[in-house]
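>>> Next input, structure requested:
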Amino acid sequence: MIKTIIFDLGGVLVDWSPDYVYKTIFDDEKEKQYFFDNVCTPHWNELQDAGRPIAEANELLIKEFPQYEEQILAFYGRWEEMLGGPIQGTVEILKELIDNKKHRVLALTNWSAETFPIALERYDFLHWFEGTLVSGVEKLKKPDPVFYQLMLDRYTIDPSTAIFIDDNLRNVEASNKFGLPAIRFLSPESLRADLVRLGVL
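Numbering: from 1, shown residues only. Reported below is the predicted structural model:
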């Protein structure tokens, strides 16, 4: 019997992509890919998700890649433009779960503490959760098992009666290995099918 549903946010409920900004900055697709692979990499961004201040992150990267200063500053300077809006089908599933009142519904997200308030202000559904753990606030991030454990401890969750939903395969695999059952989000339709199969919907 599943009693608790834990949602990731970015890529599950909120469409977010740096490409929305950088496709307007780079005319050359190869240069844009080089920039993502070597300059503003996913690892660099995740360090802000883990609590590193944005100003410090920018300063360090500009020292290493001074030729890309303008493009580096655009990452957080134009961060709001990376928000593509709600993933509507998942928001509808979330609302069903909240309205049914049969499950606890929480969120566990890798997100910078400096940018998360922007999303909170923009998207009302981010306020629907019983509780939300934000990596940048806690200075921990998925897939660190300590972050999963903090979720369980803070909200007194029995992992044997919980399910975690994340679009990142690395985070799903780490959660399953840790002992918190997880399913990978591929689309709202696949999520709905998974939750029906599990007897949640």
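>>> Which helix runs longest in this protein?
For the chain, the helix with the greatest residue count under DSSP state H is helix 88-100.
>>> what domains does the record give for the chain?
Listed domain ranges for the chain are 4-15+84-197, 17-82 (source: automatic domain parsing).
>>> CSV for those, including mean pLDDT and mean neighbour count?
All C-beta spots, glycine's among them, are computed from the backbone N, C-alpha and C. Formatted as CSV, the domains of the chain follow (pLDDT from 0 to 100; neighbours: other CB atoms under 10 Å):
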stretch, mean pLDDT, mean neighbour count
domain 4-15+84-197, 97, 18
domain 17-82, 97, 15
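>>> circling back to that earlier point, what distance separates the longest helix of the chain from the middle of the whole chain?
Distance, stretch centre to chain centre, for helix 88-100: 18 Å (CA atoms, centre = their mean, to the nearest Å).
>>> tell me what it is packed against?
Helix 88-100 sits against strand 104-109, helix 188-197, with contacts defined as 3 or more CB pairs under 8 Å, 6 or more residues apart in numbering; DSSP states H and E.
>>> orientation of it relative to helix 188-197 in degrees?
30 degrees (axes from the mean of the first three to the mean of the last three CA atoms, to 10 degrees).
>>> rewinding a little: just put the helices and strands packed on helix 88-100 in CSV and tack on distance to residue 131.
CSV is the format used below for these (distance: least, CB to CB, whole Å):
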stretch, distance to residue 131
strand 104-109, 5
helix 188-197, 20
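>>> ranges for the helices of the protein?
Ranges of helices within the chain are 19-22, 29-38, 42-49, 54-64, 69-77, 88-100, 116-122, 135-138, 145-154, 169-178, 188-197, based on DSSP H.
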